[in-house]
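1. Give the three-dimensional model of this entry:
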Amino acid sequence: MVTKSFTLIPILLLTTAVAASRTGVDDQTFVKPGGWNLSSLQHLKTKSQSQERVSGMNVNIAALLVPEEGILFEDTAYYLNVNGNRTLNPSPMNAYYASRLDVNGHVFCYTIRGPGVAITQISKTEKRVGALGCESFFAFYDADGDGKFETLVPLDSDEPLNLNVPSWTQR
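-> Got it, this is the predicted structure:
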């Protein structure tokens, strides 16, 4: 059974993201070699913190204090498989919840959730953002410990989850 409690969401999101990094066979994983710009997440203050013991390691889960207006992510996306054709679909969102996951200070995952949005460019400096109503869940993770969060995984909280932590976090 999946719970919708905010305190459990980081674990639910982490589980899928890290499992994808371990298997390397997730057809929903989107890799951006240069990494995503997560500066809007990396500087957020911690709202609350918890710890889970996983495979003999303590995983720290920090719920982050997100601004009331949320944080716009314009380049989130997911793959869609239709009749054997794999197509990348843009899925911008406005995150109102975010978490940071680490082991011994080694951050390996950020999770975000919020409504999907439509973005209209009004001018070079102005955009209009309208909520679409659909809830989006994503995880950005650093699969190899290089400090770049190059892997994006769209998440489905209804799937069974298997928590794994990347081995590089033990360094």
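
2. element containing the residue nearest the centre of the chain, please.
-> What sits nearest the mean C-alpha location of the chain, by Cα atoms, centre = their mean, is A139, with 1.7 Å. Here A139 sits within strand 127-141, counting by DSSP states H and E.

3. do the same with I119
-> Counting by DSSP H and E, I119 is part of strand 106-121.

4. so that strand versus strand 127-141, what angle?
-> 160 degrees (axes from the mean of the first three to the mean of the last three Cα atoms, to 10 degrees).

5. Return the list of helices and strands in contact with strand 106-121.
-> helix 9-23, strand 71-73, strand 93-95, strand 97-103, strand 127-141 (3 or more Cβ pairs under 8 Å, 6 or more residues apart in numbering; DSSP states H and E). C-beta: built from backbone N, CA, C; applies to glycine.

6. tell me the mean pLDDT for stretch 118-132?
-> Summarised as a single mean, pLDDT over stretch 118-132 is 70.

7. Next, the distance between the ends of it.
-> The first residue of stretch 118-132 is 7 Å away from its last residue (Cα to Cα, to the nearest Å).

8. heads up, I number from 49, so please use that
-> Okay, using 49 as the starting number, the last item reads as stretch 166-180.

9. any weak-confidence spans in the chain?
-> 49-75, 169-170, 174-177, 179, 205-212 (pLDDT under 70).

10. switch the cut-off to 50
-> Applying pLDDT under 50 to the chain picks out residues 49-73, 208-210.

11. What residues of stretch 109-128 count as buried?
-> I109, A110, A111, L112, V114, G118, I119, L120, F121, T124, A125, Y126 (16 or more other Cβ atoms under 10 Å).

12. Closest to G162 out of those?
-> Checking the buried residues of stretch 109-128 against G162 by Cβ to Cβ gives G118 as the nearest, at 5.8 Å.

13. List the contacts of the closest residue to G193 other than its chain neighbours.
-> Nearest residue to G193, sequence neighbours excluded (Cβ to Cβ, 6 or more residues apart in numbering): W216, at 3.4 Å. By Cβ atoms under 8 Å, 6 or more residues apart in numbering, the residues touching W216 are H154, F156, D192, G193.

14. Would you agree W216 falls within a strand?
-> No - secondary structure of W216 (DSSP: H, G, I helix; E, B strand; the rest coil): helix, not part of a strand.

15. how close does it get to G195?
-> W216 sits 11 Å away from G195, going by Cβ to Cβ, to the nearest Å.

16. Sounds good, over and out.
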